[in-house]
Every structure is written in structure tokens, then in C-alpha cells.
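Colleague: what's the 3D shape of this:
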Amino acid sequence: MNTTAPTTIAHVLHRVARPLSPETQIREAAQRLVDGGLAALPVLDDAGRLVGILTQKDCFVPAVSASYYRTWKGAVADHMAREVQTLEAGTEIVEAARVFAESPHRVLVVMHEGAVAGMLDRSDVLAAVLAMS
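Modeller: Numbers count the residues shown, from 1 in each chain. The predicted structure follows:
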């Protein structure tokens, strides 16, 4: 076992430079996901509280609609998931692997002291587990 490998998800999460707001237009949000190569972004209200998550999958309905009507309609709030599965930054890597094994999500929001600390991708957790063994 590699004792120098990170043991908590705080060491492998991705910081979010620009989270979305509920008012962000859906086309802009989809473009940010694509440009950043991101699977999802957290949605924060004006007070910085987590109110949802927008995934690439959430963008497909408005994208298909835009292909017919030549216009993107709606804001992030109209398409985001309001129930967000989160993990605490101090969660052990192995526990995060168990959560991903039981979850359909590719990415989870990581919290620290009530605030969004970043995003955790399942591929990063798998890489961390491999580094531990």
C-alpha cells in the first residue's frame, strides 16, 4: 500500500473558478461546460449557497429545442437539478469510491464548512484508489 497517496477527497477535488447562478442563461452555461471540459457545475445563489447542479445531460433538452427553434430558452434554474448529492472534503477516498459505486452520478459537489469546496469526478477517485494500492 502506498502511504504517500492522498487519503481524502480534499486532495483530489477540482476547484470551481466560476460557479453558475440560477439566472445564468442556459446557452452560456452549456458553453462554459463545453469550454471547460466539465461534466457539471454547481449552482450558487447570491449568498454563495448551493442551490443546484447543472450537468451536460441537463443541457440536452434545451439544446435539442434550440436546434428546432433556433433559439436557446431559459436559465439554469429552469434545467438544473435541485437535489444535489454532496460529500464533505474530509471524506476518505475509499468512502468516496463506495459512494460512486452506488450512485449514477459522474461528478459530486464537495463541501467544506458549509461552502462549496469543489467538484469530484469519479475518474479522479478511481485514480486515487489505484495510487493507494
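Colleague: can you give me the helices in this structure?
Modeller: Under the criterion DSSP state H, the chain contains helices at 26-36, 60-69, 93-102, 122-132.
Colleague: which helices and strands does the second one pack with?
Modeller: To tie it back to what came earlier, the one meant is helix 60-69. If contacts are counted by 3 or more C-beta pairs under 8 Å, 6 or more residues apart in numbering; DSSP states H and E, helix 60-69 sits against helix 26-36. Using the backbone N, CA and C atoms, a C-beta is placed for each residue, glycine as well.
Colleague: mind giving me TSV with the helices of the chain and columns for mean pLDDT and distance to residue 43?
Modeller: Formatted as TSV, the helices of the chain follow (pLDDT from 0 to 100; distance: least, C-beta to C-beta, whole Å):
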stretch	mean pLDDT	distance to residue 43
helix 26-36	97	9
helix 60-69	92	15
helix 93-102	98	21
helix 122-132	94	20
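Colleague: Out of the ones you listed, which is closest to residue 45?
Modeller: Closest approach to residue 45 among these (C-beta to C-beta): helix 26-36, 15.2 Å.
Colleague: Just the CA atoms of that closest one, as CSV, please.
Modeller: Extracted C-alpha coordinates of helix 26-36, given in CSV (Å, rounded to 0.1, in the frame of the first residue of the first chain):
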residue,chain,number,x,y,z
ILE,A,26,-28.7,28.0,-20.3
ARG,A,27,-26.8,28.5,-23.5
GLU,A,28,-24.0,30.4,-21.7
ALA,A,29,-23.9,27.6,-19.1
ALA,A,30,-23.7,24.9,-21.7
GLN,A,31,-20.9,26.8,-23.4
ARG,A,32,-19.0,27.0,-20.1
LEU,A,33,-19.3,23.3,-19.6
VAL,A,34,-18.0,22.5,-23.1
ASP,A,35,-15.2,25.1,-23.0
GLY,A,36,-14.0,23.8,-19.6
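Colleague: Now find how far off-centre it is within its chain.
Modeller: Mean-position distance between helix 26-36 and its chain equals 13 Å (C-alpha atoms, centre = their mean, to the nearest Å).
Colleague: which parts of it are buried?
Modeller: Within helix 26-36, the residues that count as buried by 16 or more other C-beta atoms under 10 Å are 26, 27, 29, 30, 32, 33.
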